[in-house]
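Asks: Okay, predicted coordinates and the sequence, questions at the end:
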Amino acid sequence: MISSNILDKPFFTYALFLLSFLLITAVAYFTFQSSLAVAENSRLVTHITQVVDTSEELLALLKDAESGQRGYLLMQQKQYLQPYEQAQAQVSKTYDSLRLLTQENPIQQRRLHDINHLIKTKMDEIVVAIALNDRQSADEAVAFVREGHGERTMDAIRKGIFAFQQEELRLLHSQAQQLEKSRRSTLYLQGFGSGLSILLLGLAFLLLRRKLLREQMLNNELELRVQERTEELHASLAELTIIGQKQTGLIETLTIIQEELQAQKKKTEEAYAIVSEDNKRKTAELQDAQVLQLSMLPPAPPNFPHLEVSMHMQTASEVGGDYYDYTLDEEGNFTFAIGDVTGHGFKSGILVATAKSYFQLLGAKSTGPQILHRISEGIRSMAIRGMYMGLTIIKFKKNQVTITSAGMPPVMIYRQASQEVEFIQLDGIFLGFNPKQQFKEVVVTLEKGDVLLAMSDGLVEQFNPNREPLEHANICAHFKPIAQQSTQDVVNSLICLRERWADTTPQTDDISLLVVKLKH
């Protein structure tokens with residue numbers, strides 16, 4: 001234990017005050033370091049948000065380039081290469097911006113190097129397809145595209161950019177953990193240091209009080225010495241007052257730093273809230289788009305005395321924008337629409353709603369070309385970049401069928417008499433792409449037992465584990481022997497065909513089917 005003589009020594013009191021001052025200084029230093037960490041974390045949040053947005057812009061440019069190539073191959077007009085040429089001019093600049101943003105991260109630089117190699121491969125594939133079209137034939141160019149080179153490369157680019165974005169988010173999470181650890185350590189140090197400083201100051205003042213009492217108990221004969229000691233005490237108190245003022249200034253400085261730390265913490269929390277809210281918004285947008293897509297579908301058609309009809313849609317995990325619908329005129333004639341919107345998300349739902357409005361208004365009284373022309377005008381007037389629509393219109397008038405199509409797979413017709421399948425192919429670019437596009441129509445006659453099959457491209461383009469698409473030939477070979485079953489059984493069998501072909505490969509696009517059989 002500390003002896004009473006030591007406690008009465010002046011140096012012991014001064015040591016207590018000095019120790020308190022050092023503790024408060026240490027608390028202020030670590031608080032300042034914590035505020036610097038908060039500021040650095042805020043800068044990192046802004047930086048990572050910029051990196052993610054730039055990578056999204058790079059992916060959008062590649063999609064535009066791919067859309068321009070497809071439009072050119074389909075229409076054989078140079079004007080459709082404009083999205084590709086614009087994307088080609090911007091891809092390198094966007095990539096360089098992304099590389100500069102991550103130049104201090106070797107892991108991200110290596111990922112970017114791999115992504116850049118894939119981008120060059122993708123752009124080279126587009127150039128090859130265009131060159132095949134210009135120097136040889138459009139069929140060879142289309143065949144090259146359908147072999148799946150571009151799709152595999154695009155999937156690899158998407159995965160690379162996704163991994164790149166996940167690394168940035170991981171860095172953000174790691175920085176947040178370090179910030180939280182620093183904040184807790186600072187709070188602990190503040191509480192411990194402040195408490196210990198107050199305790200030491202209190203002990204110092206108690207020692208001074210004890211000393212004063214002892215001085216007052218001295219003999220009156222020692223009054224002169226008491227006076228001298230009292231003056232010493234006043235001097236000591238003056239020094240203590242100065243030290244106390246310094247202590248108060250340090251505490252005020254510490255309070256200001258704490259307030260700044262809280263303000264920085266609030267800014268960081270607001271930044272996290274913005275990122276979280278944006279993720280929630282995007283998730284809600286996809287869910288709303290899927291609900292909107294399904295709400296656009298009509299109920300099951302009424303029973304027709306001469307037709308057996310089945311309709312089906314199987315959505316993918318991500319909203320794709322497939323659409324089917326039907327109308328009846330006053331004479332009981334049946335008009336059916338089946339379509340597919342390019343792109344994903346809520347914008348595709350808007351295009352589906354637009355197409356449905358036009359179809360319900362015009363379907364019963366207008367011809368197929370008139371319907372397609374009006375819907376194409378409506379889509380163009382919305383001016384949504386990169387959003388187009390393929391659509392097939394099928395009109396039934398007794399056993400006579402009129403087919404009009406743009407940007408959709410061919411319609412298959414099974415003939416019971418010959419037990420063969422006919423393909424009705426009407427070439428045409430997507431709706432909303434060309435204001436001067438002309439639409440053709442084909443009129444066919446169905447006999448008893450004949451079956452019509454119309455579909456979106458989701459079933460045709462379903463890949464197996466070897467990255468091979470299902471294609472029309474396999475669908476036709478499967479459709480022929482089952483055509484005389486009920487239309488619902490035909491639908492169920494085609495869905496089973498997709499599942500067997502896909503095996504473990506996920507469904508990436510919506511699948512819509514229409515099966516109509518002439519009963520008499």
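Replies: Looks like it arrived, so ask away.

Asks: CA atoms for contacts and neighbours, from now on please.
Replies: Will do.

Asks: Tell me where the stretch 51-200 of the chain is predicted with low confidence.
Replies: 148-150 (pLDDT under 70).

Asks: can you pull out the strands in it?
Replies: With DSSP state E, counting those that start in this stretch, there are no strands along the stretch 51-200 of the chain.

Asks: could you pull out the helices for the stretch 1-150 of the chain?
Replies: Secondary structure of the stretch 1-150 of the chain, counting by DSSP state H, counting those that start in this stretch: helices at 4-8, 10-75, 82-101, 106-135, 138-146, 149-216.

Asks: Keeping just the C-alphas, turn the third one into PDB.
Replies: When you say that, I think you mean helix 82-101. Output of helix 82-101 as PDB, limited to C-alpha atoms (Å, rounded to 0.1, in the frame of the first residue of the first chain):
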ATOM      1  CA  GLN A  82     -25.500   2.500 -85.700                       C
ATOM      2  CA  PRO A  83     -25.900   1.000 -82.200                       C
ATOM      3  CA  TYR A  84     -22.900  -1.200 -82.800                       C
ATOM      4  CA  GLU A  85     -20.800   1.700 -84.100                       C
ATOM      5  CA  GLN A  86     -21.700   3.900 -81.200                       C
ATOM      6  CA  ALA A  87     -21.000   1.200 -78.700                       C
ATOM      7  CA  GLN A  88     -17.700   0.400 -80.400                       C
ATOM      8  CA  ALA A  89     -16.600   4.100 -80.000                       C
ATOM      9  CA  GLN A  90     -17.500   4.100 -76.300                       C
ATOM     10  CA  VAL A  91     -16.400   0.600 -75.100                       C
ATOM     11  CA  SER A  92     -12.700   1.400 -74.900                       C
ATOM     12  CA  LYS A  93     -13.300   4.700 -73.100                       C
ATOM     13  CA  THR A  94     -15.600   3.100 -70.500                       C
ATOM     14  CA  TYR A  95     -13.100   0.200 -70.000                       C
ATOM     15  CA  ASP A  96     -10.200   2.700 -69.500                       C
ATOM     16  CA  SER A  97     -12.300   4.600 -66.900                       C
ATOM     17  CA  LEU A  98     -13.000   1.300 -65.100                       C
ATOM     18  CA  ARG A  99      -9.300   0.400 -65.200                       C
ATOM     19  CA  LEU A 100      -8.200   3.800 -63.700                       C
ATOM     20  CA  LEU A 101     -10.800   3.500 -61.000                       C
END
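
Asks: Can you give me the distance of Ser97 to Gln50?
Replies: Counting by Cα to Cα, to the nearest Å, the gap from Ser97 to Gln50 is 10 Å.

Asks: What of Ser137?
Replies: Ser137 is 43 Å from Gln50, by Cα to Cα.

Asks: right, and the helices of the stretch 1-150 of the chain - which one's nearest Pro301?
Replies: When the helices of the stretch 1-150 of the chain are compared by Cα to Cα, helix 10-75 sits nearest Pro301, at 34.1 Å.

Asks: in the sheet, who's paired with the nearest residue to Gly428 once chain neighbours are set aside?
Replies: If the residues on either side of it in the chain are set aside, Gly428 comes closest to Ala406, at 4.5 Å by Cα to Cα, 6 or more residues apart in numbering. Beta-bridge pairing for Ala406 (DSSP bridges): Leu391.

Asks: For the closest residue to Leu61 other than its chain neighbours, grab the count of nearby residues.
Replies: Of all residues beyond its chain neighbours, the one nearest Leu61 is Ala87 (5.0 Å), with distances taken as Cα to Cα, 6+ apart. A total of 22 residues lie near Ala87 under the criterion other Cα atoms under 10 Å.

Asks: can you check Thr504 too?
Replies: Neighbour tally, Thr504, other Cα under 10 Å: 11.

Asks: helix/strand/coil for the residue lying closest to it once chain neighbours are set aside?
Replies: Residue nearest to Thr504 in three dimensions, not counting chain neighbours: Pro465, with 6.8 Å by Cα to Cα, 6+ apart. What DSSP: H, G, I helix; E, B strand; the rest coil gives for Pro465 is coil.

Asks: can you tell me which residues contact Pro465?
Replies: Residues in contact with Pro465 (Cα atoms under 8 Å, 6 or more residues apart in numbering) are Ala502, Asp503, Thr504, Thr505.

Asks: Kindly present those residues as a markdown table, with separate columns for distance to Leu494 and pLDDT.
Replies: Rendered in a markdown table, the data for these read as follows (distance: Cα to Cα, whole Å; pLDDT from 0 to 100):
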| residue | distance to Leu494 | pLDDT |
| --- | --- | --- |
| Ala502 | 12 | 95 |
| Asp503 | 14 | 94 |
| Thr504 | 17 | 93 |
| Thr505 | 17 | 93 |
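
Asks: can I get the residues you listed in JSON lines with distance to Ile115 and secondary structure?
Replies: Shown next, in JSON lines, are the contacts of Pro465 (distance: Cα to Cα, whole Å; DSSP: H, G, I helix; E, B strand; the rest coil):
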{"residue": "Ala502", "distance to Ile115": "27", "secondary structure": "helix"}
{"residue": "Asp503", "distance to Ile115": "29", "secondary structure": "coil"}
{"residue": "Thr504", "distance to Ile115": "26", "secondary structure": "coil"}
{"residue": "Thr505", "distance to Ile115": "23", "secondary structure": "coil"}
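
Asks: Tell me the one among those residues nearest to His173.
Replies: Nearest to His173 among those is Thr505, at 31.9 Å by Cα to Cα.

Asks: one step back: now the residue nearest to Leu61: how far from Phe430?
Replies: 20 Å.

Asks: before we move on, what about Pro106?
Replies: Distance from Pro106 to Phe430, by Cα to Cα: 43 Å.

Asks: More neighbours: the two, which one.
Replies: A direct count of neighbours by other Cα under 10 Å for Pro106 and Phe430 places Phe430 higher, at 23 against 10.

Asks: Could I get the contacting residues of that one?
Replies: Tyr388, Met389, Gly390, Leu391, Ala406, Gly407.

Asks: Ok, Glu270 next?
Replies: Glu270 neighbours (Cα under 8 Å, 6+ apart): none.

Asks: Need the pLDDT of it.
Replies: Here the pLDDT value assigned to Glu270 is 78.

Asks: what about it, distance to Ala263?
Replies: From Glu270 over to Ala263 the distance is 11 Å, taken as Cα to Cα.

Asks: same deal with Glu57?
Replies: 33 Å.

Asks: same question, Ser493
Replies: Taking Cα to Cα, one finds Ser493 at 63 Å from Ala263.
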